[in-house]
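Chemist: Quick one, fold the following:
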Amino acid sequence: MRRLIRRHVLWACTFSLALAQQARPPAQELTSPRPGTLVPPVRPFQLPARTGVETQMEITLDHALAMALANNKDIESSRIDQLESEYTLTAAQGAYDPTLNVNSYWEQQITPVASALGGSSTGSLLSKTWLADPGITQPLPWYGGAFKADLSSADVSSNNTFLSLNPQYETSLNFSYTQPLWRNLMYDSNRHQIDVAKKNRSLTDEQFRQRVMTITQQAEQGYWELAYAYNNLQVQLEAVRIGIQQDESNRRQEEQGLLAPIDVVAAQTQLANFEVGAYTAQSLLTAAENSLKELILPDRSDTLWSTALIPVTPADVRPPLTPLADAIAEAMANRPEIAQVRINGEINEKDVRYYRDQTKPQVNLTAQYSRAGLSGAILPPGPNPFTSAFGPLTSQINELSTLAGLPPLSVIAFGGGAISPVLVGNYGHSLSGIWAGDFPTTEVQLSISLPIRNRTAESNLGKSLAETRRIRNQREQTEQNIQSDVRTGMENVQMAQLRLQAAQVARESAEEQYQSEQRQFRAGTSTLFLVQQRQATMITARSQERRSEADMSEAIATFQLVTGTILAERHINISNKQ
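Modeler: Modelled structure (predicted):
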C-alpha cells in the first residue's frame, strides 16, 4: 500500500513538472537555477556579535544573588535607613546626656549716690564683680526627674564705706531635684521618644528584610529569564541549522529534478523565518542580561557590563510539597508585612500611653539645698558715717574730761573688730565654708498646674485611639492579602508544573512527528509543506519547553517569597546586616 501511494505521488509530481515545462520556453530548465527562475540565491547566515559584549563568564544562581545583595542600590538604601534609625535612637537616648553649663561675666558698675547713707562721700559708688557659675543639668531616666547642681563664685570689690570686707569672695553650692508626681511620672516625652525610636529601628529591620527578599526574588527571576533567553537562542539557532539543511537538500533535489523550484522558495522562506526568530532571540537575550546586570552590578562603570553572563545553574523544577494550610501559617509567621503592622501597633500603644499621661494635671515637687560661703579682707578702722558729725563735740568733751581728770570718750569707728574670724580669708577660705556647711539653705516646693480644658492632649489621645482602629483594619487586610498571595502562588506552581509536563510531552511528540515526516518525505510519501510544518511545530515546542522550565523556577521563587521562606531556602542570613 505504501509503495502504491509513493508511486501515485511520484506520478503526480512528474505530471506537474511536465505541465510546468510545457508552460515555459524550451530554453529554460528547472534543474539549474538561472536568472529569472523561482530559485533564490543561497543566503549566508551569521549571527552578529552582541553590542558591547567582549568577553564571557559563567555565573551561578548563588553568585548572582550574592552580587545583588552586595551591590543593589535599593538594598543599599535600606541599609542607610537602618543606619539612620540607629542614629535616631541614639539621638533620643541623648535626652539623658548631662549638660555642662558655665556662666561667667565681669561687671563694673558706677552708681550715683545722693545721700551719705549711700556709702560714698564722692557722689558715686563703684562696684566691680567677677563671677563664674559652672553647673551641670541631668535629666534622669527614672520617673521623669531632673537634677541640677552649680557652684557660683564671685569676687566683689567696692568703695562702699559700709563694707567691712573688701574685696569679698562670695561662693555658693546649689543642688535641686524636680520630681513629677502625676503627669510625666510613669511616662514622659523622653521615654516615649526612646521607645518609639526602638520600635522604628525594628521597623526598618523588617523593611530591610522585605527589601532583601524582594530583590532576591527579582534577581532569581532575572537569572531564570536569562537562562531561558540563552536556551531559546540555542533552540532558534538549531532551527536555523535545520532550515539550512532543508534548504540545501531542496536545492540538490531541485537540481536533480525531483522538486519544483517553488519548493526551494518555500525552504528559503522557512529559513528566513527561522533567522528572524534567531535575531529576535538574541535581542531578548541582551535585554534579559541587561536587566539582570541592573540588579547585580554596583554602577555603570563595572567591567561586567562588557561581559556576557552565562547561567550554569540547572532550572529548579521540583515543586514544594507544603500543604496549603501549612504554607499560609508559614507565611503569617515569616512575612515582614505582618511584623511591620505589629510594630506599628506597638508604636501606637506607646503614643496612646503618652498622650493619656499628658491629660493628667501637672504636679511637681522640687527640693533645693544650698551651702553658702563668704570671706574677704578686713578694712582698717575708719570713721563711722553715722557718728562722724559728732567728732568736734566728742573732742571738746574729751578736753573737758581731761581737765576734770576723767577718762576720754573712745572714738566710734566703723569696721574692724566687729567681723567674725569665720569670714576673714581668701577665696579658698570661702570654699572651705561651703565644705563645712556653715550657711546651709533647704527648700521644698510644690507646684500644681491644672489645665482648664487641655484640648490639645485630649485631641492627641483621640487621634491615637483612632489610629488603633486603623492599624487593626490594616492587620486584617494584610493577613487577607497574604492568604491570597499564598493561594495564588501555590496555584501558579501547580499550573507551571503541569505546563512543563505538557510541554515536555509536546516537544517529544513534535520531534517524533518531525522525524517521521522526514522519513516519509524521503520515501516520497509526504510533502515539503508537511515537513516544514512539523519543523515549525517542533521548534515552537522546544522553545515552549524552555519557557515552561523558566516559568516553573520563577513560580517556585515567587511561592517562596509569598511564604516568607526565600531567604532560608537560599541560605541568606541578614541578622548582622547594618
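
Chemist: Test of understanding: give the bridge partners of the nearest residue to Pro98 once chain neighbours are set aside.
Modeler: Distance criterion Cβ to Cβ, 6 or more residues apart in numbering; nearest residue to Pro98, sequence neighbours excluded, is Gln138 at 4.4 Å. For glycine as for every other residue, the C-beta is placed from the backbone atoms N, C-alpha and C. Listed by DSSP bridges, the beta-bridge partners for Gln138 are Phe147.

Chemist: Mind pulling up the pLDDT for Gln138?
Modeler: On pLDDT, Gln138 comes in at 93.

Chemist: swap in Arg519?
Modeler: Confidence score, pLDDT, at Arg519: 90.

Chemist: what's the distance between it and Arg183?
Modeler: 95 Å (Cβ to Cβ, to the nearest Å).

Chemist: the more surrounded of those two?
Modeler: Arg183 (20 against 11; other Cβ atoms under 10 Å).

Chemist: three-state assignment of the closest residue to the more buried one other than its chain neighbours?
Modeler: Spatially, and ignoring its direct neighbours in sequence, Arg183 is nearest to Lys360 (4.3 Å; Cβ to Cβ, 6+ apart). Of the three states, Lys360 takes coil under DSSP: H, G, I helix; E, B strand; the rest coil.

Chemist: helices and strands around the helix or strand hosting Gln108, which ones?
Modeler: For Gln108, the element it lies in under DSSP states H and E is strand 99-112. Counting contacts by 3 or more Cβ pairs under 8 Å, 6 or more residues apart in numbering; DSSP states H and E, strand 99-112 packs against strand 124-139.

Chemist: Taking strand 99-112 as reference, get the angle to the strand it packs on.
Modeler: 170 degrees (axes from the mean of the first three to the mean of the last three Cα atoms, to 10 degrees).

Chemist: Go through strand 124-139 and flag the buried ones.
Modeler: Across strand 124-139, burial judged by 16 or more other Cβ atoms under 10 Å covers 125, 129, 133, 139.

Chemist: Arg50 and Asp299: what is the separation?
Modeler: According to Cβ to Cβ, Arg50 and Asp299 sit 21 Å apart.

Chemist: Please say which of those two ends up with more neighbours.
Modeler: Shown here are Arg50 and Asp299; by other Cβ under 10 Å, Arg50 has more neighbours (14 against 8).

Chemist: Now do the same for the more buried one: helix, strand or coil?
Modeler: With three-state DSSP as the criterion, Arg50 reads coil.

Chemist: could you list every residue that touches it?
Modeler: Taking Cβ atoms under 8 Å, 6 or more residues apart in numbering as the contact definition, Arg50 lies against 282, 285-286, 308.

Chemist: now do Ala331
Modeler: 482-483, 485-486, 562-564.

Chemist: repeat that for 7 Å
Modeler: Under the criterion of Cβ atoms under 7 Å, 6 or more residues apart in numbering, the contact list for Ala331 reads 482, 486, 562-564.

Chemist: how many neighbours does the nearest residue to it once chain neighbours are set aside have?
Modeler: Among residues not flanking Ala331 along the chain, Thr563 sits closest, at 4.6 Å (Cβ to Cβ, 6+ apart). Using other Cβ under 10 Å, Thr563 is surrounded by 27 other residues.

Chemist: how far away is Thr563 from Thr111?
Modeler: In terms of Cβ to Cβ, Thr563 sits 85 Å off from Thr111.

Chemist: low pLDDT regions in the stretch 401-550 of the chain?
Modeler: 410-418 (pLDDT under 70).

Chemist: Now with 50, please.
Modeler: 415-416 (pLDDT under 50).

Chemist: Show me what whichever helix in the chain runs longest is packed up against.
Modeler: Longest helix of the chain, by residue count under DSSP state H: helix 455-523. Using 3 or more Cβ pairs under 7 Å, 6 or more residues apart in numbering; DSSP states H and E, the elements in contact with helix 455-523 are helix 324-334, helix 336-358, helix 528-562.
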